[in-house]
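Undergrad: Have a look; sequence and predicted model below, questions after that.
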Amino acid sequence: MSGKNSKTGGSIQTKLRSGGRTASASPSRESATAPPSHHAPAPAPPSPQKSVAALPSPSEPAVASASPSGGSDLAAFKLELPALLRKDIADFRNEFREHQKNLQKTLSDALSTIQLDLQAMKTQQASDKVATDATISTLKGTVGEMGHALSGCTDDIVHMKTTIESLTATVTQLENKCEHLESRSRRNNVRIVGVPEGADTCTTAAVVALLKEAFGLEKEKFWTGPTGPFSRSRSLVNVHELLYADSITTVTVLIFYAVRESASRLK
């Protein structure tokens, strides 16, 4: 576009210069072709003031001294100048439209690419949202199941706590009972002072015979029957108390092995 404008401007300047030269050269040609007059007096030499006044000023255009042919060229140039300007404007419009079309095409291609990228991003975002929603729903279900299981575990823990408390109370009762039985068994271990320990003197028959002789009893059934002092309903402590109740002096010592022997024999 700039090349065309420069060419047009150069052609316009060239025509202006050619028109000026034509207008300035036409008087000399006319003076050269005009025949000399014999009757006219010779022209007087011009005075310096007239010659100075005859010179054109720099501010005056060159067309001021143009001849009629120079005027016709200038008129033709004036007629041709609008046509040249119209042509340049038409070329500029065509080039501008071409650039506009190229720009629109480039922008449309870029816009299509951007739209495709946006559509792909939207599709990816939608798929990610679906996957995220599925994961969240799965996590919600897992959390609900864990809450239900933990509620059951809470019930089990409460039941276990109650069971442990009950077992602790039972263990306490058993410990107390064991202590009572241990103290009672120690009280039931009787050793008669003055009777030598041996295989014959530690038997139930020997003890019954000894007691029969000490109390002056006639029968031994009292000592060996189920209702006697060696039965399960009455212990040796009762016999010990019975012996003391009859004012019979008897010294005893608690031992352990006699309890085991008497328990095995009383069953």
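TA: That came through fine. Numbering: from 1, shown residues only.
Undergrad: Run a quick neighbour tally on Ala110.
TA: Other residues near Ala110 number 10, with proximity taken as other CB atoms under 10 Å. Glycine gets a C-beta too; all of them are placed from N, C-alpha and C.
Undergrad: same check, this time on Thr162
TA: Other residues lying near Thr162 total 10 when counted by other CB under 10 Å.
Undergrad: measure it to Cys153 for me?
TA: Counting by CB to CB, to the nearest Å, the gap between Thr162 and Cys153 amounts to 15 Å.
Undergrad: Now the residue lying closest to Ala206 once chain neighbours are set aside. Its backbone dihedrals?
TA: Nearest residue to Ala206, sequence neighbours excluded (CB to CB, 6 or more residues apart in numbering): Asp200, at 5.9 Å. The phi and psi torsions at Asp200 (degrees, to the nearest 10) take the values phi -90, psi -30.
Undergrad: so how many other residues sit close to Asp200?
TA: Taking other CB under 10 Å as the neighbour definition, Asp200 ends up with a count of 9.
Undergrad: next one: Leu217
TA: The burial count assigned to Leu217 is 13, neighbours taken as other CB under 10 Å.
Undergrad: and what of Val207?
TA: By the criterion of other CB under 10 Å, Val207 has 20 neighbours.
Undergrad: Secondary structure element for it, which one?
TA: With secondary structure defined by DSSP states H and E, Val207 is part of helix 204-215.
Undergrad: For that helix, the averaged confidence score.
TA: The pLDDT scores in helix 204-215 average 77.
Undergrad: Can you pull the poorly scored residue ranges out of the chain?
TA: Residues of the chain that meet the criterion pLDDT under 70 lie in 1-70, 187-191, 219-267.
Undergrad: Wait, a strand at Leu167?
TA: No: applying DSSP: H, G, I helix; E, B strand; the rest coil, one finds Leu167 to be helix, outside a strand.
Undergrad: and it, how many residues sit next to it?
TA: By the criterion of other CB under 10 Å, Leu167 has 10 neighbours.
Undergrad: How much space separates it from Ala83?
TA: Between Leu167 and Ala83 the distance, using CB to CB, works out to 122 Å.
Undergrad: What is the helix or strand harbouring Ala120 packed up against?
TA: Under DSSP H and E, the secondary-structure element containing Ala120 is helix 68-188. Here helix 68-188 is seen to pack against helix 2-33, helix 236-245, helix 257-266 when contacts are counted using 3 or more CB pairs under 8 Å, 6 or more residues apart in numbering; DSSP states H and E.
Undergrad: picking up where we left off before, check which residues of the helix holding Val207 are buried.
TA: Going by neighbour count (16 or more other CB atoms under 10 Å), the buried part of helix 204-215 is 207-208, 211.
Undergrad: which of those residues lies closest to Glu175?
TA: Each of those was checked against Glu175 using CB to CB; the closest is Val207, at 32.5 Å.
Undergrad: Against Gln173, how distant is that closest one?
TA: According to CB to CB, Val207 and Gln173 sit 34 Å apart.
Undergrad: got it, and Gly198?
TA: Summarising the geometry, the distance separating Gly198 from Gln173, computed by CB to CB, is 41 Å.
Undergrad: Also Met121?
TA: 76 Å.
Undergrad: same thing with Asp128?
TA: If you go by CB to CB, the gap between Asp128 and Gln173 works out to 66 Å.
Undergrad: Then Thr162?
TA: As for Thr162, its distance to Gln173 is 17 Å (criterion: CB to CB).
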